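> What follows is a predicted structure for the sequence shown.
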Amino acid sequence: MAIAFWEKATTMPDSGAPACSLCLFRHVCRIAGTDHAWQPLALHPDRFEVRTGEPVFRQGRPALTVYPLRHGSAKQIYESPLGWRQVTGFSLPGDVLGLEPHESPVYGTAAITLQDAEVCAVSVESLRELMQRPPLREAVLEVMRRNAERERVLLVAVGSMRAPQRLAMLLLDLAGEQARRDGNRDGMLTLAMSRTDIASLLGLTLETVSRLLSRFAAVGLISVRQRHLRIIDRDGLASVYADLDQAPRQADAGNSAGYGVVPGERRLA
(Lines give C-alpha, C1' and ligand atoms only; values in the text may rest on other atoms or scores of the structure.)
Protein backbone atom coordinates (compact mmCIF):
# COMPACT_ATOMS: atom_id res chain seq x y z
CA MET A 1 0.00 0.00 0.00
CA ALA A 2 1.14 3.53 -0.71
CA ILE A 3 0.28 4.59 2.83
CA ALA A 4 0.74 1.45 4.88
CA PHE A 5 1.70 3.41 8.00
CA TRP A 6 -1.88 4.68 8.27
CA GLU A 7 -3.83 2.17 10.29
CA LYS A 8 -7.04 4.04 11.02
CA ALA A 9 -8.78 7.32 10.39
CA THR A 10 -8.44 10.04 12.98
CA THR A 11 -11.36 11.27 15.03
CA MET A 12 -10.71 14.99 14.73
CA PRO A 13 -13.59 17.49 14.86
CA ASP A 14 -15.67 17.87 11.73
CA SER A 15 -15.75 21.65 11.87
CA GLY A 16 -13.28 24.48 12.04
CA ALA A 17 -11.11 23.48 9.06
CA PRO A 18 -10.63 26.56 6.83
CA ALA A 19 -9.28 24.40 4.00
CA CYS A 20 -12.69 22.76 3.57
CA SER A 21 -14.05 25.96 2.03
CA LEU A 22 -11.38 25.68 -0.68
CA CYS A 23 -11.68 21.96 -1.36
CA LEU A 24 -12.94 20.65 -4.69
CA PHE A 25 -15.24 18.28 -2.85
CA ARG A 26 -16.81 20.76 -0.43
CA HIS A 27 -20.27 20.52 -2.07
CA VAL A 28 -20.40 16.74 -1.78
CA CYS A 29 -18.50 16.21 1.46
CA ARG A 30 -20.35 15.52 4.69
CA ILE A 31 -17.35 16.83 6.65
CA ALA A 32 -17.67 20.25 5.01
CA GLY A 33 -21.48 20.20 4.96
CA THR A 34 -23.05 18.57 1.93
CA ASP A 35 -25.02 20.69 -0.50
CA HIS A 36 -28.50 19.13 -0.64
CA ALA A 37 -28.44 19.20 -4.43
CA TRP A 38 -25.49 16.82 -4.31
CA GLN A 39 -26.89 14.53 -1.63
CA PRO A 40 -27.09 11.43 -3.87
CA LEU A 41 -23.32 11.63 -4.44
CA ALA A 42 -22.36 12.67 -0.90
CA LEU A 43 -18.91 11.64 0.29
CA HIS A 44 -17.75 10.88 3.78
CA PRO A 45 -14.00 10.49 3.19
CA ASP A 46 -11.63 9.04 5.72
CA ARG A 47 -9.26 11.49 7.33
CA PHE A 48 -5.71 10.70 8.33
CA GLU A 49 -2.88 12.37 10.14
CA VAL A 50 0.51 12.17 8.48
CA ARG A 51 3.62 12.97 10.47
CA THR A 52 6.26 15.41 9.26
CA GLY A 53 8.48 13.88 6.59
CA GLU A 54 6.18 10.92 5.91
CA PRO A 55 4.83 10.15 2.42
CA VAL A 56 1.19 10.63 1.59
CA PHE A 57 1.92 8.50 -1.46
CA ARG A 58 5.02 7.33 -3.27
CA GLN A 59 6.04 7.75 -6.88
CA GLY A 60 5.26 4.74 -9.01
CA ARG A 61 2.59 3.31 -6.70
CA PRO A 62 -0.92 2.67 -8.09
CA ALA A 63 -2.87 5.93 -8.28
CA LEU A 64 -6.09 4.80 -6.60
CA THR A 65 -6.79 7.79 -4.35
CA VAL A 66 -6.56 11.57 -4.29
CA TYR A 67 -5.93 13.38 -1.02
CA PRO A 68 -7.43 16.79 -0.19
CA LEU A 69 -5.07 18.53 2.22
CA ARG A 70 -6.95 19.90 5.24
CA HIS A 71 -4.05 20.99 7.45
CA GLY A 72 -0.29 21.25 7.00
CA SER A 73 1.69 21.30 3.77
CA ALA A 74 3.55 18.94 1.46
CA LYS A 75 6.14 18.87 -1.27
CA GLN A 76 6.16 16.88 -4.49
CA ILE A 77 9.37 15.05 -5.36
CA TYR A 78 10.25 13.46 -8.69
CA GLU A 79 12.91 10.78 -8.82
CA SER A 80 14.40 10.08 -12.24
CA PRO A 81 15.33 6.57 -13.41
CA LEU A 82 18.96 7.58 -12.80
CA GLY A 83 18.25 8.38 -9.18
CA TRP A 84 18.16 12.20 -9.34
CA ARG A 85 15.62 13.70 -6.93
CA GLN A 86 13.97 17.05 -7.61
CA VAL A 87 11.34 19.03 -5.70
CA THR A 88 8.67 19.90 -8.26
CA GLY A 89 6.14 21.81 -6.18
CA PHE A 90 4.63 22.67 -2.82
CA SER A 91 1.03 22.08 -1.70
CA LEU A 92 -0.94 24.08 0.85
CA PRO A 93 -4.25 23.49 2.66
CA GLY A 94 -7.08 23.23 0.16
CA ASP A 95 -4.93 21.58 -2.52
CA VAL A 96 -5.66 18.03 -3.67
CA LEU A 97 -2.62 15.77 -3.64
CA GLY A 98 -2.41 13.17 -6.40
CA LEU A 99 -4.70 15.04 -8.80
CA GLU A 100 -3.13 14.56 -12.23
CA PRO A 101 -4.05 16.20 -15.56
CA HIS A 102 -4.22 12.72 -17.08
CA GLU A 103 -5.42 9.42 -15.72
CA SER A 104 -2.07 7.80 -15.07
CA PRO A 105 -2.21 4.35 -13.49
CA VAL A 106 0.59 5.33 -11.08
CA TYR A 107 1.62 8.47 -9.19
CA GLY A 108 4.13 10.51 -11.19
CA THR A 109 5.73 12.00 -8.08
CA ALA A 110 5.85 11.38 -4.35
CA ALA A 111 4.06 13.68 -1.89
CA ILE A 112 5.98 14.19 1.37
CA THR A 113 4.63 16.24 4.27
CA LEU A 114 6.59 19.31 5.33
CA GLN A 115 4.86 19.45 8.71
CA ASP A 116 2.30 17.38 10.58
CA ALA A 117 -0.67 17.26 8.23
CA GLU A 118 -4.20 16.00 7.94
CA VAL A 119 -5.57 14.72 4.65
CA CYS A 120 -8.82 13.24 3.43
CA ALA A 121 -8.93 10.25 1.08
CA VAL A 122 -11.20 10.16 -1.99
CA SER A 123 -11.06 7.18 -4.31
CA VAL A 124 -10.37 7.75 -7.98
CA GLU A 125 -13.57 5.82 -8.74
CA SER A 126 -15.57 8.34 -6.71
CA LEU A 127 -13.78 11.20 -8.47
CA ARG A 128 -14.69 9.79 -11.88
CA GLU A 129 -18.32 9.44 -10.85
CA LEU A 130 -18.45 12.98 -9.49
CA MET A 131 -16.91 14.37 -12.67
CA GLN A 132 -20.01 13.29 -14.56
CA ARG A 133 -21.59 16.38 -12.99
CA PRO A 134 -20.61 19.48 -15.06
CA PRO A 135 -20.09 21.87 -12.08
CA LEU A 136 -17.56 19.60 -10.38
CA ARG A 137 -15.92 18.64 -13.67
CA GLU A 138 -15.35 22.31 -14.45
CA ALA A 139 -13.99 22.93 -10.96
CA VAL A 140 -11.51 20.06 -11.32
CA LEU A 141 -10.42 21.25 -14.76
CA GLU A 142 -9.96 24.80 -13.45
CA VAL A 143 -7.65 23.53 -10.71
CA MET A 144 -5.69 21.52 -13.26
CA ARG A 145 -5.39 24.56 -15.53
CA ARG A 146 -4.15 26.74 -12.67
CA ASN A 147 -1.62 24.12 -11.61
CA ALA A 148 -0.42 23.69 -15.19
CA GLU A 149 0.07 27.45 -15.55
CA ARG A 150 2.10 27.60 -12.34
CA GLU A 151 4.24 24.73 -13.60
CA ARG A 152 4.85 26.54 -16.90
CA VAL A 153 5.90 29.70 -15.06
CA LEU A 154 8.30 27.65 -12.94
CA LEU A 155 9.71 25.91 -16.02
CA VAL A 156 10.40 29.24 -17.72
CA ALA A 157 11.94 30.66 -14.56
CA VAL A 158 14.30 27.73 -14.02
CA GLY A 159 15.20 27.49 -17.71
CA SER A 160 15.62 31.17 -18.58
CA MET A 161 15.84 33.43 -15.54
CA ARG A 162 18.61 34.40 -13.19
CA ALA A 163 18.58 33.33 -9.57
CA PRO A 164 17.01 36.53 -8.12
CA GLN A 165 14.12 36.33 -10.57
CA ARG A 166 13.45 32.72 -9.65
CA LEU A 167 13.31 33.42 -5.94
CA ALA A 168 11.20 36.56 -6.42
CA MET A 169 8.79 34.53 -8.57
CA LEU A 170 8.41 31.88 -5.87
CA LEU A 171 7.82 34.37 -3.06
CA LEU A 172 5.22 36.24 -5.10
CA ASP A 173 3.54 32.98 -6.07
CA LEU A 174 3.35 31.79 -2.45
CA ALA A 175 1.97 35.17 -1.37
CA GLY A 176 -0.62 35.03 -4.14
CA GLU A 177 -1.69 31.54 -3.18
CA GLN A 178 -2.06 32.56 0.46
CA ALA A 179 -4.12 35.61 -0.49
CA ARG A 180 -6.33 33.43 -2.69
CA ARG A 181 -6.97 31.13 0.26
CA ASP A 182 -7.56 33.54 3.11
CA GLY A 183 -7.74 37.00 1.54
CA ASN A 184 -4.76 38.12 3.61
CA ARG A 185 -2.61 40.45 1.52
CA ASP A 186 -0.23 41.70 4.21
CA GLY A 187 2.62 39.68 2.70
CA MET A 188 3.15 37.45 5.74
CA LEU A 189 4.32 33.93 4.89
CA THR A 190 5.32 30.95 6.97
CA LEU A 191 7.80 28.92 4.93
CA ALA A 192 7.18 25.31 5.92
CA MET A 193 9.64 24.24 3.22
CA SER A 194 13.34 24.32 3.98
CA ARG A 195 15.83 26.43 2.05
CA THR A 196 17.19 23.17 0.67
CA ASP A 197 13.74 22.37 -0.77
CA ILE A 198 13.47 25.88 -2.22
CA ALA A 199 16.89 25.47 -3.82
CA SER A 200 15.87 22.13 -5.34
CA LEU A 201 12.63 23.56 -6.76
CA LEU A 202 14.38 26.58 -8.30
CA GLY A 203 17.47 24.75 -9.56
CA LEU A 204 19.80 26.72 -7.27
CA THR A 205 22.24 25.92 -4.52
CA LEU A 206 21.41 26.25 -0.84
CA GLU A 207 24.09 28.92 -0.51
CA THR A 208 22.55 30.99 -3.33
CA VAL A 209 19.07 30.86 -1.78
CA SER A 210 20.41 31.89 1.62
CA ARG A 211 22.47 34.72 0.10
CA LEU A 212 19.50 35.99 -1.93
CA LEU A 213 17.15 36.01 1.07
CA SER A 214 19.74 38.00 3.02
CA ARG A 215 20.19 40.51 0.18
CA PHE A 216 16.46 40.85 -0.42
CA ALA A 217 16.16 41.68 3.29
CA ALA A 218 19.14 44.06 3.21
CA VAL A 219 17.52 46.28 0.56
CA GLY A 220 14.11 46.26 2.23
CA LEU A 221 12.20 43.91 -0.06
CA ILE A 222 11.44 41.37 2.66
CA SER A 223 12.04 40.66 6.31
CA VAL A 224 12.94 37.16 7.52
CA ARG A 225 12.91 35.66 10.98
CA GLN A 226 13.58 31.94 10.91
CA ARG A 227 10.72 30.56 8.76
CA HIS A 228 8.53 33.63 9.04
CA LEU A 229 8.87 35.91 6.02
CA ARG A 230 7.11 39.16 5.22
CA ILE A 231 7.07 40.83 1.82
CA ILE A 232 7.63 44.51 2.57
CA ASP A 233 8.01 45.91 -0.95
CA ARG A 234 5.85 43.85 -3.29
CA ASP A 235 6.43 46.20 -6.22
CA GLY A 236 10.17 46.03 -5.72
CA LEU A 237 10.06 42.23 -5.60
CA ALA A 238 7.92 42.22 -8.74
CA SER A 239 10.54 44.42 -10.45
CA VAL A 240 13.23 41.88 -9.64
CA TYR A 241 11.05 39.13 -11.12
CA ALA A 242 10.23 41.16 -14.24
CA ASP A 243 13.85 42.09 -15.06
CA LEU A 244 14.26 40.12 -18.28
CA ASP A 245 17.50 41.79 -19.42
CA GLN A 246 19.83 38.84 -19.94
CA ALA A 247 22.92 40.96 -20.66
CA PRO A 248 25.64 40.31 -18.06
CA ARG A 249 26.25 43.09 -15.59
CA GLN A 250 29.36 43.90 -13.66
CA ALA A 251 27.63 42.73 -10.52
CA ASP A 252 26.77 39.31 -11.95
CA ALA A 253 29.38 38.66 -14.65
CA GLY A 254 30.38 35.04 -14.33
CA ASN A 255 27.86 34.56 -11.53
CA SER A 256 24.42 33.03 -12.18
CA ALA A 257 23.13 34.73 -9.03
CA GLY A 258 23.34 38.25 -10.49
CA TYR A 259 20.91 40.85 -9.25
CA GLY A 260 18.60 43.24 -11.03
CA VAL A 261 17.60 46.78 -10.15
CA VAL A 262 14.63 47.49 -7.93
CA PRO A 263 12.81 50.81 -7.46
CA GLY A 264 15.04 53.64 -6.34
CA GLU A 265 17.98 52.17 -8.28
CA ARG A 266 18.83 49.81 -5.42
CA ARG A 267 21.06 47.08 -6.67
CA LEU A 268 20.98 43.71 -4.98
CA ALA A 269 24.68 43.21 -5.45
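Okay, I see it. The model shown is predicted, which means the values in this text are computed figures rather than measured ones.
> Only C-alpha atoms from now on, for both contacts and neighbour counts.
Noted.
> Leaving aside the residues adjacent along the chain, what's closest to P101?
In space, and not counting its chain neighbours, P101 is closest to M144: 6.0 Å by CA to CA, 6 or more residues apart in numbering.
> residue contacts, that neighbour?
Shown in contact with M144 (CA atoms under 8 Å, 6 or more residues apart in numbering): L99, E100, P101.
> Check the gap between it and V124 for me.
Separation of M144 from V124 (CA to CA, to the nearest Å): 15 Å.
> Could you do D173 as well?
Between D173 and V124 the distance is 29 Å, computed by CA to CA.
> Please apply the same query to T196.
As for T196, its distance to V124 is 33 Å (criterion: CA to CA).
> still on that earlier bit, out of the contacts of M144, who has the most neighbours?
Most neighbours among those, by other CA atoms under 10 Å: L99, with 21 neighbours.
> Where does pLDDT dip in the chain?
1-18, 31-41, 183-185, 244-269 (pLDDT under 70).
> show me where it has strands.
Assigned by DSSP state E, the chain shows strands spanning 46-50, 55-57, 65-71, 74-79, 85-91, 96-97, 110-113, 117-123, 188-190, 222-225, 228-231, 261-262, 266-267.
> now these in CSV, with distance to P134 and mean neighbour count?
As requested, these are arranged in CSV below (distance: least, CA to CA, whole Å; neighbours: other CA atoms under 10 Å):
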stretch, distance to P134, mean neighbour count
strand 46-50, 25, 20
strand 55-57, 29, 24
strand 65-71, 19, 23
strand 74-79, 29, 22
strand 85-91, 26, 19
strand 96-97, 19, 23
strand 110-113, 29, 24
strand 117-123, 19, 20
strand 188-190, 35, 17
strand 222-225, 43, 16
strand 228-231, 39, 18
strand 261-262, 46, 18
strand 266-267, 51, 14
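> which one of the ones you listed lies closest to E149?
Nearest to E149, of all the strands of the chain, is strand 85-91, at 12.5 Å by CA to CA.
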